[in-house]
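# Give me a model of this one.
(chains A and B)
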2 protein chains.
Amino acid sequence: MSVCLDIHTHIVPERLPPYAGTGKDVAWPSMADAHACHKHVMISGKTYRTVSDGCWSVPRRIEDMGAMRIARQVLSPMPELLSYWLPLDDAQVLIRYLNHQIAEMIARAPERFIGLGAVPLQDVDSAIRELEHVVGNLRFAGVEIASHVNGVSIGDVRFEPFFAAAERLGAAVFVHALRPAGQERIVGAFSEQAVCFPGDIALAAASLITGGIAARHPRLRIAFSHGGGALAILLPRLVHAWNRISAAKASLPESPAVYARRFFYDALVFEPQAIRFLVASFGGSQIVLGSDYPFNMGEDDPLGTLERADFDAALFDAITRANALRFLGIGGG
Amino acid sequence: MSVCLDIHTHIVPERLPPYAGTGKDVAWPSMADAHACHKHVMISGKTYRTVSDGCWSVPRRIEDMGAMRIARQVLSPMPELLSYWLPLDDAQVLIRYLNHQIAEMIARAPERFIGLGAVPLQDVDSAIRELEHVVGNLRFAGVEIASHVNGVSIGDVRFEPFFAAAERLGAAVFVHALRPAGQERIVGAFSEQAVCFPGDIALAAASLITGGIAARHPRLRIAFSHGGGALAILLPRLVHAWNRISAAKASLPESPAVYARRFFYDALVFEPQAIRFLVASFGGSQIVLGSDYPFNMGEDDPLGTLERADFDAALFDAITRANALRFLGIGGG
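Below you'll find the model as predicted:
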């Protein structure tokens, strides 16, 4: 019987409520029928993505989890639904709906699912209130946020009250790449998700270090998607800069590596040697399993890739179970 | 006696010619005295960077090379001098001056220095003519270019004639991060060079693969700064996308890994385990020594870091000497 947790999976509701706000040309998403077991996520009259019923169907998820040898999935919204770019009133309606959809999925199989909700980070006070709702009322482990908010780094001090609230509430924060920097600098048939997500999630992680939020909130539990992307290869450069640039050293009491090794990272890097590099960079206690289920860019067999990394049993258990429970702040670790 | 080559070092001329063009408010650089042995590079009335005399002094460089155990340095311009953003006429004057300054430094110690010139890539035809000048007349090994040209990916087909010319001429191309994507998404006292260069150089390398230029020019010899930045951790994701996305697969005859393993990468990643990850990702035949001398973010002891990676003698020789000669297309390998 598997005991493995997958902290990086997404949901899309089967249906979305019609737009009932007062705005004009609001990019409110809707769902349209596609081929069997699939729907189109429509945004502003275009298909943003065609998704499978694994996005909303609890039986389908549980069947797929069996094939993937995953005991428990952490559910978070498809990042494009985080709605930071919508008017606040509209975003609050959509986010509340998403959070309650996640709660309903959990209620149908509470031993299999753990929730990470959405919050409207375009307004920090509203985001804190929604955070309190999802951890206090819906009993989620925490929330998913994007790597930036409408182009503003999540390491900006304006977001510090949100991270302070997450620390105070013991809420886990999963940071996911979204609308990445540099997408105007790619060419060809590969999506910005394929090419630019690793750079963008690294900018998010680095900025939480360089801006001081990580240093000032040592009990914040935070995880980064896609293995933290470029951060593992970037971290020695940040340490070098901290040692070389007096303003950088004066700004942080400890080396950037100290903070980077408090963060968690999913192992969604597709190659055993890349996972080993994450472990070498951040420590075996900070790596957790993540598949990006049920999306096309996801990893079908995250355990298989991890097995090929040839870790000892203790480290394998840590990555597949104990680290995730610690990140999520739930028992059983 | 050292036989090691350092392919990533920069020059700044001690003096720059005054602006003699006809433009208005052209961001023409100049040099201003700073403290002993240092000068300010002034651009648009501000100090862009304060640099040491290692930038222009041949005796100082040779002394420092002794301390660093480096036999031969490859000289390339400080990237901010590449001038893609200047009017073409002005850029051509500055670039020609830079290239002749490099030629003069080489003439003073031809057994110690190898040249990589600049080309005005804002106009591809002019860039090809300057490339022909630096390899044909100045006998440089090739050129340095930036990771993008005024925000346009170097993988864009508009630049393909330039890469075709480099392939035809047997000219080495060293790609250096510059004005990186995502610099509006960082916070704190760390520079964009510290935080954003690894993401940007990876976008450049990835786009040469995803846009097909690498596939269509298999004999192109090209190296990337900063170890290729995020590319090592990104590459398995590109391979995954190629396998998953039919349009991506249709666009490239072979896996992105095939092309990535034809590129060269400097070892400027500051940690032995990171260098080992580069070797595991790209192959020991593709990694070359690079220090970023004489800049503050550079590595003072690139050989020492490499020694701590504990490679066998053959791989150590490849990284410190033979790979660089192969990249540069010069004898002795």
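# gap between A:I154 and A:R262?
A:I154 sits 16 Å away from A:R262, going by Cβ to Cβ, to the nearest Å. Quick note: C-beta positions are derived from backbone N, CA and C, even for glycine.
# between the two, who's got more neighbours?
Comparing A:I154 with A:R262 by other Cβ atoms under 10 Å in any protein chain shown, the one with more neighbours is A:I154, at 27 against 19.
# Wait, that one touches A:L208, no?
Yes. The criterion here is Cβ atoms under 8 Å, and A:I154 meets it with A:L208 at 6.6 Å.
# Can you list the low-confidence ranges for chain A?
A:1, A:332-333 (pLDDT under 70).
# Please enumerate the strands of it.
In chain A, the strands defined using DSSP state E lie at A:5-11, A:30-33, A:38-43, A:46-52, A:72-77, A:113-117, A:142-146, A:148-149, A:152-153, A:172-176, A:222-224, A:264-266, A:287-288.
# Between those strands, which one is closest to B:K46.
Nearest of the strands of chain A to B:K46, taken as Cβ to Cβ: strand A:152-153 at 23.9 Å.
# List of residues touching that closest one?
With Cβ atoms under 8 Å, 6 or more residues apart in numbering or on different chains as the test, strand A:152-153 has contacts from A:R158, A:L203, A:A204, A:S207, A:G211, B:R185, B:I186, B:V187.
# The third one and B:S44, how far apart?
Shown here: A:A204 relative to B:S44, a distance of 31 Å by Cβ to Cβ.
# follow-up on the earlier one: JSON lines for the strands of chain A, including distance to A:D90 and mean neighbour count?
Below are the strands of chain A laid out as JSON lines (distance: least, Cβ to Cβ, whole Å; neighbours: other Cβ atoms under 10 Å in any protein chain shown):
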{"stretch": "strand A:5-11", "distance to A:D90": "20", "mean neighbour count": "26"}
{"stretch": "strand A:30-33", "distance to A:D90": "13", "mean neighbour count": "12"}
{"stretch": "strand A:38-43", "distance to A:D90": "13", "mean neighbour count": "18"}
{"stretch": "strand A:46-52", "distance to A:D90": "17", "mean neighbour count": "15"}
{"stretch": "strand A:72-77", "distance to A:D90": "15", "mean neighbour count": "25"}
{"stretch": "strand A:113-117", "distance to A:D90": "17", "mean neighbour count": "25"}
{"stretch": "strand A:142-146", "distance to A:D90": "17", "mean neighbour count": "28"}
{"stretch": "strand A:148-149", "distance to A:D90": "16", "mean neighbour count": "26"}
{"stretch": "strand A:152-153", "distance to A:D90": "19", "mean neighbour count": "21"}
{"stretch": "strand A:172-176", "distance to A:D90": "21", "mean neighbour count": "25"}
{"stretch": "strand A:222-224", "distance to A:D90": "27", "mean neighbour count": "28"}
{"stretch": "strand A:264-266", "distance to A:D90": "30", "mean neighbour count": "28"}
{"stretch": "strand A:287-288", "distance to A:D90": "33", "mean neighbour count": "29"}
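# Ends of stretch A:160-176, what's the gap?
18 Å (Cα to Cα, to the nearest Å).
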